[in-house]
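**Q** Got a predicted structure plus its sequence, pasted below:
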Amino acid sequence: MREGEPSATSMLVALARALVPAQGGRDPYAARLLPGRWARLADAGAHAPVRSAARVLSGGMVDHLALRTAAIDAFAREAVAAMEREAGEAQLVILGAGLDARAWRLGLGAKVFEVDHPATQTLKAARAPRERAPRFVPVDFTRDSLDDALSAAGHERARPTAWIWEGVTMYLPTAAVDATLGVIARRSARGSQLAMTYVDPSAVPLAPLVRRAFGLLFGEPLEAGFTPAALRALLAEHGLGVVRDGASDTWPRVLGGHPALAAVVRAERLVIAEKR
Ligand SMILES: C[S@@+](CC[C@H](N)C(=O)[O-])C[C@H]1O[C@@H](n2cnc3c(N)ncnc32)[C@H](O)[C@@H]1O
């Protein structure tokens with residue numbers, strides 16, 4: 001991320017959610033959470049030609065993000081419902097939350113924590129609705145103790161947690177992904193589940209070029225990458241077992257993101273894991 005600035009990729013993702021409907025329609029909170037001209041672009045998404053242009057110009061990315069949102073929404077609903085059935089309550093921790101509006105959009109009963117880089121979270125906290133607000137937990141994954149910050153914010157390690165780590169690991173050094181998985185595992189009571197996306201570099205055409213392009217365009221170069229086998233091994237080291245793992249062709253096919261367009265972005269995969 002650019003020093004002292006909120007994440008540019010978090011704004012792009014929120015804009016995509018304002019443009020193409022996932023489950024339940026276009027994200028109604030995106031325009032409010034986005035600043036300045038980003039918000040005006042999000043409002044323009046009310047017009048069908050703007051939406052069509054964005055989908056084509058993004059080369060499949062907008063459709064990929066719509067499918068990703070829908071897949072993780074489904075995970076959050078199912079995981080929280082299962083925890084409430086089994087344990088009577090649930091916690092939801094959204095890591096690198098960006099301008100994710102699930103705390104408001106999904107209306108879940110769970111206690112919600114949003115962890116993010118302070119530069120991005122400050123922007124969001126200033127614009128977010130007060131009602132049903134999550135607990136904001138500022139953490140830089142490369143410097144701060146996630147463990148201490150979650151304890152201070154009231155996260156309870158003895159109660160089950162649904163963890164969401166969407167579109168973040170690829171911007172972090174491998175050591176920070178490893179350390180964060182360690183904290184997730186230690187703070188995961190029985191029944192906890194993790195939904196995490198990651199980039200498989202072997203599926204990125206011209207990987208070194210793409211990596212640099214993200215740095216030049218957004219100030220957020222692509223860093224950690226894992227093959228599915230390497231990630232499975234890393235999760236296992238932390239006592240986390242893979243429930244399922246796949247690219248967008250395996251995600252639920254819902255209204256909105258078109259699987260054929262999204263197929264251009266096969267390199268980002270979603271893994272669901274649980275404490276074993
Ligand atoms: C592509 S955005 C994804 C945001 C959100 N998960 C979503 O899907 O809308 C990447 C997020 O990672 C966060 N991030 C990047 N580097 C970070 C770091 N070192 N510590 C904490 N968060 C970081 C950014 O602040 C941003 O919110």
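**A** Good, I have the coordinates. Residues are numbered from 1 along each chain as shown.
**Q** tell me the centre residue of this protein?
**A** Compute the mean C-alpha point of the chain, and by Cα atoms, centre = their mean the closest residue is Glu166, 2.0 Å away.
**Q** so it sits right up against Gly96, yeah?
**A** Yes: the pair Glu166 and Gly96 qualifies as a contact (Cβ atoms under 8 Å) at a distance of 7.4 Å. (Glycine included, C-beta is placed from N, CA and C.)
**Q** Just the pLDDT at the residue nearest to the centre of the chain, thanks.
**A** Among the per-residue scores, Glu166 holds a pLDDT of 98.
**Q** Identify the residues contacting the closest residue to the ligand within the stretch 51-200 of the chain.
**A** The stretch 51-200 of the chain approaches the ligand most closely through Gly98 (2.5 Å), counting by Cβ to the nearest ligand atom. Counting by Cβ atoms under 8 Å, 6 or more residues apart in numbering, Gly98 touches 7, 9-11, 13-14, 116, 120, 124, 167.
**Q** Show me which residues of the stretch 101-250 of the chain sit near the ligand.
**A** 116-117, 120, 139-142, 166-168, 171-172 (Cβ under 6 Å from any ligand atom).
**Q** Name the nearest of those residues relative to Arg102.
**A** Arg102 lies nearest to Glu166 out of these, by Cβ to Cβ, at 9.4 Å.
**Q** Tell me which residues touch that closest one, please.
**A** Taking Cβ under 8 Å, 6+ apart as the definition, contacts of Glu166 comprise 68, 72, 94, 96, 100, 195-197.
**Q** What count of nearby residues applies to Asn49?
**A** Actually, residue 49 is Pro rather than Asn. 8 (other Cβ atoms under 10 Å).
**Q** no, scratch that, I was asking about Glu3
**A** If we define neighbours as other Cβ under 10 Å, then Glu3 has 6 of them.
**Q** ok so, going back, out of the contacts of Gly98, give me the two with the largest separation.
**A** Lys124 and Gly167 (14.9 Å).
**Q** Any stretches of the chain with poor pLDDT?
**A** Scanning the chain for pLDDT under 70 picks out the ranges 21-24, 253-264.
**Q** Would you confirm that Asp100 contacts Asp116?
**A** No: Asp100 lies out of contact with Asp116 (Cβ under 8 Å); the separation is 9.1 Å.
**Q** Spell out the residue ranges of the helices in the chain.
**A** Counting by DSSP state H, the chain has helices at residues 8-19, 30-33, 36-44, 48-57, 61-87, 102-105, 118-127, 146-153, 174-186, 207-218, 228-237, 259-262.
**Q** and of those helices, who's closest to Arg244?
**A** helix 61-87 (9.9 Å).
**Q** now check that closest one, is it near the ligand?
**A** No: applying Cβ under 6 Å from any ligand atom, one finds helix 61-87 separated from the ligand by no less than 7.5 Å.
**Q** Pull out the buried positions in that helix.
**A** By 16 or more other Cβ atoms under 10 Å, the buried positions in helix 61-87 come out as 61-77, 79-80, 83, 87.
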